[in-house]
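Novice: Here is a sequence with its predicted model. Questions after.
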Amino acid sequence: MLFWTGMLGNNFNINESINIVRDKFWPTAIANWKFWIGALFVIYAFIPYFYRGVADVAVGTVWAGIYTYVFNV
């Protein structure tokens, strides 16, 4: 995901995309772990089975915003 996002943002420059992956992988991975462990705990502990799909989509939308922020910082 990081590589292709870098490719699209840098006119398909492979070297720049590799540098983006080197710089952004760990901050993005740490944000991913911090967010999804808590989010999945809340979804599976407190959301009824019937609504978990909707909750997962809503939480995924929030994650997309967080990913975009972490990627662009």
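Specialist: That came through, no problem. Numbers count the residues shown, from 1 in each chain.

Novice: What residues sit buried inside the host helix or strand of Val21?
Specialist: Element membership for Val21, per DSSP states H and E: helix 14-46. The neighbour-count check on helix 14-46 (16 or more other Cβ atoms under 10 Å) flags Ser17, Ile20, Lys24, Thr28, Ala31, Phe35, Ala39, Ile43 as buried. Yep, even glycine has a C-beta here, placed from its N, CA and C like the rest.

Novice: Least confident secondary structure element in the protein?
Specialist: In the chain, no helix or strand scores lower on mean pLDDT, DSSP states H and E than helix 2-9, which sits at a mean of 68.

Novice: how about low-confidence regions in this protein?
Specialist: Applying pLDDT under 70 to the chain flags the ranges 1-2, 4-6, 8, 10, 73.

Novice: Apply 80 and report the result again.
Specialist: Applying pLDDT under 80 to the chain picks out residues 1-21, 70-73.
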